Structure formats: structure tokens, C-alpha cells
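>>> got a predicted model here, sequence first, then my questions.
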Amino acid sequence: MRTKSLGDLLADTPWVRSLPNSVRERVMADAYETYHDPKDVVARKGDVAQSWMGVAEGFVKASSVVRSGKVVMFSGLPAGAWFGEGSVIRRTIRQYDIIAMRRSRVLHIPRATFRWLLETNIDFNHFIIDHLNARLAQFMAMTETDRMTDPVVKVARAISGLFDPIIYPGLGPLLQVSQEELGELAGLTRQSANAAVKALQAAGLVRAEYGGLLIMQLDALRNLKEP
DNA sequence: ACATTAAATTCGA
DNA sequence: TCGAATTTAATGT
């Protein structure tokens, strides 16, 4: 796999691009990266947050294990996603486990640098506000979807939620998420997720591939309503 | 839960 | 380094 340098990756990141040169230099100097194999814990629930993180390559998830032992995935984080600002802003511990779902490369902006950006740069503040706002909307939609919709709509929302242009910019049309993972994301068993994928395929909205989905009609997935 | 198929990895030349 | 054999992962029912 061909890999870009840390500097190139940062230079291609939207919020970094909007920074003035002098500021960008410090960000580049302070940033570091980590690599993770599937199932690796990137950050553990309960740890003190040391950095704000971005997925450069791969796919990670934010999840929690509830008492029954069941895994609840709050959010799938594809390449391009930046996350964990909550714990960094509030100087508190992480609320979720961050786990790599496949081989992943994660960029880190140290807490001090992040806070300095927040305190000194207006453009960065705008970015963070938009980001938090988009995420809030996403979680509100998720709550709503959670209670009232049938499995096919749940899965459609889970998929389209991964393509939010503000939170996850620049994703290609093929989503490498297994049906098992899709089930975790949508709060369904793999079996129901499988049935839902079939239904979406029959409707021509996605194509099922081994280990992933080809997204055919993103808007239709977003707008899908209960039957 | 089980059977089938795809992909990834190992192993022998 | 090639391809067959084995193991692991994902899917369909």
C-alpha cells in the first residue's frame, strides 16, 4: 500500500488547509501518528485524553461494552474523520473505547496544540463548531431512527450517516464495512442487517460486495422513509 | 446455529 | 516466487 507522509496527509486535511502558514507549521510540528492492527485499542474508555485524533487510513469505531457484554457502536469513523474533541475540550477522560476495525493509521494533535488552536484561531473555531453541530445532528437523527424505523431504514441511515460531508469528507463509493459491522452500527443482528442489505440491493440503492458495499444512490439512502 | 463461499496466509517446490 | 493447500472471515439461509 502506497502511503503518504504525515506532512502530506495533514496538508490535505481541510481544517489544516484553512490555517495561516505560521499556525500550520506548529500543527505540523506537534502532530504525530500511530498505526493499528484490527481489534487494537486506539484509545480506551476511562483514559485521560491526550490528543484529538483523525483517521488517515482504515476504519475505526467508537463503542462501548454494556453490562450484558453486547457491543454498542456509537459511530463508525472512516478515513477523513476527526474525533475525540469532546474529551480534549473538557479535559476529561474518554467516554468510549476507540477500536481499529481494520489496519488503520491515526493522526494525533496533542491536547495542548488543540487547545491553543481553539484559543487563538477563529477559522479553527468555525471548523470545530460546524463539526460539533454536524455530529449533534447526526446523533439526534440516530436517536430518532433508533426508536421508530424498520431495519431497512435503520441500515440505510447507518450507511448514509457515514457519508456526512462535514464530518467525513471525501469518501469513495465503496464502503468497506462487513454486514456484521453494519449490524453493530445500526443496532441490529447480523441476520437482520443481511436482510436489510438485500432489500436495499433489490431497490438498487447499494450493491453487496464481499466485505463491503458499493453505494449506488446515496441520496436515496438518506431519504428513505418507512414503508 | 450451520453450511457455503471468498479471501488471506502458509508452505513446498 | 508461483500455486496449491490450509485457515480465517464473511455471507446466505
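Perfect, thanks for sending it.

>>> state the pLDDT value of the closest residue to A:G46 other than its chain neighbours.
Counting by Cβ to Cβ, 6 or more residues apart in numbering, A:G46 lies nearest to A:I93, which is 5.4 Å off, once chain neighbours are set aside. Where C-beta positions appear, they are placed from N, C-alpha and C, glycine not excepted. Here the pLDDT value assigned to A:I93 is 94.

>>> residues in contact with A:I93?
With contacts defined as Cβ atoms under 8 Å, 6 or more residues apart in numbering, the neighbours of A:I93 are A:K45, A:G46, A:D47, A:V48, A:A49, A:S87.

>>> which ones are touching the last one?
Right, A:S87. The neighbourhood of A:S87, defined by Cβ under 8 Å, 6+ apart, consists of A:A49, A:I93, A:R94, A:Q95.

>>> just those now: which is nearest DNA strand B?
The shortest distance between DNA strand B and any of the contacts of A:S87, using Cβ to the nearest atom of the strand, involves A:R94 and amounts to 29.1 Å.

>>> would you turn the contacts of A:S87 into a markdown table with secondary structure and distance to DNA strand B?
As requested, the contacts of A:S87 are arranged in a markdown table below (DSSP: H, G, I helix; E, B strand; the rest coil; distance: Cβ to the nearest atom of the strand, whole Å):
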| residue | secondary structure | distance to DNA strand B |
| --- | --- | --- |
| A:A49 | coil | 32 |
| A:I93 | strand | 34 |
| A:R94 | coil | 29 |
| A:Q95 | coil | 30 |
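
>>> just the buried members of those?
Members of the contacts of A:S87 that pass the buried threshold by neighbour count (16 or more other Cβ atoms under 10 Å) are listed as A:A49, A:R94.

>>> name the helix or strand for the one residue sitting closest to the centre of chain A, please.
For chain A, the residue sitting closest to the mean C-alpha position, by Cα atoms, centre = their mean, is A:L77 at 2.0 Å. In this structure, A:L77 is located in strand A:71-78 according to DSSP states H and E.
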